[in-house]
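1. Turn this into a model:
(one chain, ligands or ions: 1)
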Amino acid sequence: MTAIKPLVAGNWKMNGLDSSLAELGALRERLAEAPVPETDVMVCPPATLLTRAAEILAGSDIELGAQDCHPLASGPHTGDISAEMLADAGATAVIVGHSERRIDHGETDTLVNAKALAAYRAGLTAIICIGETEAEHRDGATLDVLRRQLQGSVPEEARAANTVVAYEPVWAIGSGLTPTPVDVAEVHGFIRGVLGQLLGDAQSGAMRILYGGSVKPANAAELLFVPDVNGALVGGASLKASDFYAIIEVYRAGTGA
Ligand code: PEP
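-> I've put the predicted structure just below:
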């Protein structure tokens, strides 16, 4: 099996004003001075910054992603943004099913599945997020929850070329807590196995499965070199170019595990 090139994606969430774009410029400069070709890099700023971010990143290898999309291409849906609009603004990927959307907006697996299909329709990569809550973790229900979320959220049309799965335990997001590398390996292996049942071993074996939840420069090396981990979805630590670069940098040959 060919090695999967990792992806380090930064999710800015509802953070970022025009002044924050300086961080994007700084990241671009840092990666130009000291490239890390071992990994792909993506930044997902809020939709309001996509067009300006696309201008800053033009001609660089840093990919631009968005954080959510509506399932439909256009229509009377005040305040929503379609995948086509995100592509038009310069995005090449979109996060769907982030736990903050599942919790804050009651998004179901069915809706997440429809959003992933919308991403494909618009030519975007879908970054499909799954993850158990703290209560589910405590109850030992993690694998059942993840199986259900994968079955419901990952469309039959998902392929390694158009889909990234991000495992983000809800209790690890923004909390400073992380699962142990052994637990991450078990869960990621399980996810790949379920993806194999859903999509076949060829697609599953080539699909990126990111870990997300309190990834920081200090713990990146221990989390990102775990078997079946093909990169990270980074929240808080992606807001500062220096921290985000320090996470990306663990992939430079020889610096990791
Ligand atoms: C996220 O919400 O996608 C995330 C991983 O957040 P943090 O890194 O801040 O835990």
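2. those helices in the stretch 51-200 of the chain, which residues are they?
-> Counting by DSSP state H, counting those that start in this stretch, the stretch 51-200 of the chain has these helices, from start to end: 83-88, 99-104, 109-121, 134-138, 142-153, 181-199.
3. can you give me the strands in this structure?
-> Secondary structure of the chain (DSSP state E): strands located at 7-11, 40-44, 63-66, 93-96, 125-130, 163-167, 208-212, 231-234.
4. mind checking the backbone torsions on the closest residue to the ligand within the stretch 101-250 of the chain?
-> The minimum distance from the stretch 101-250 of the chain to the ligand, using CB to the nearest ligand atom, falls at Gly235 (2.2 Å). Where C-beta positions appear, they are placed from N, C-alpha and C, glycine not excepted. Gly235 adopts backbone torsions of phi -90, psi -100, taken as degrees, to the nearest 10.
5. Pro217 now?
-> Torsion angles at Pro217 (phi, psi; degrees, to the nearest 10) stand at phi -50, psi -40.
6. Looking at the helices of the stretch 51-200 of the chain, which is nearest to Pro45?
-> Across the helices of the stretch 51-200 of the chain, Pro45 has its closest neighbour in helix 83-88 (11.4 Å, CB to CB).
7. Around the ligand, pick out the residues from the stretch 1-150 of the chain.
-> Counting by CB under 6 Å from any ligand atom, the stretch 1-150 of the chain comes close to the ligand at Asn11.
8. Flag the shaky bits of the stretch 1-150 of the chain, pLDDT-wise.
-> Along the stretch 1-150 of the chain, segments meeting pLDDT under 70 span 1.
9. Where does it get nearest to the ligand, which residue?
-> Asn11 (4.3 Å).
10. Neighbours of that residue, how many?
-> Residues contacting Asn11 under the criterion other CB atoms under 10 Å number 26.
11. Make residue 1 into 6 and carry on from there
-> Understood, numbering begins at 6; the last thing we discussed is Asn16.
12. got the CA coordinates for stretch 36-51 in PDB?
-> What follows is stretch 36-51, C-alpha atoms only, in PDB (Å, rounded to 0.1, in the frame of the first residue of the first chain):
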ATOM      1  CA  LEU A  36       6.700  27.600   5.000                       C
ATOM      2  CA  ALA A  37       8.400  29.300   2.100                       C
ATOM      3  CA  GLU A  38      11.600  29.700   4.200                       C
ATOM      4  CA  ALA A  39      11.500  26.300   5.800                       C
ATOM      5  CA  PRO A  40       9.100  24.000   3.800                       C
ATOM      6  CA  VAL A  41       7.800  20.800   5.200                       C
ATOM      7  CA  PRO A  42       7.000  18.800   2.000                       C
ATOM      8  CA  GLU A  43       6.300  15.700   4.000                       C
ATOM      9  CA  THR A  44       2.800  17.000   4.800                       C
ATOM     10  CA  ASP A  45       0.000  19.000   3.200                       C
ATOM     11  CA  VAL A  46      -1.200  22.100   5.000                       C
ATOM     12  CA  MET A  47      -4.700  23.600   5.000                       C
ATOM     13  CA  VAL A  48      -6.200  26.600   6.800                       C
ATOM     14  CA  CYS A  49     -10.000  26.900   7.300                       C
ATOM     15  CA  PRO A  50     -10.800  30.500   8.300                       C
ATOM     16  CA  PRO A  51     -14.400  31.800   8.800                       C
END
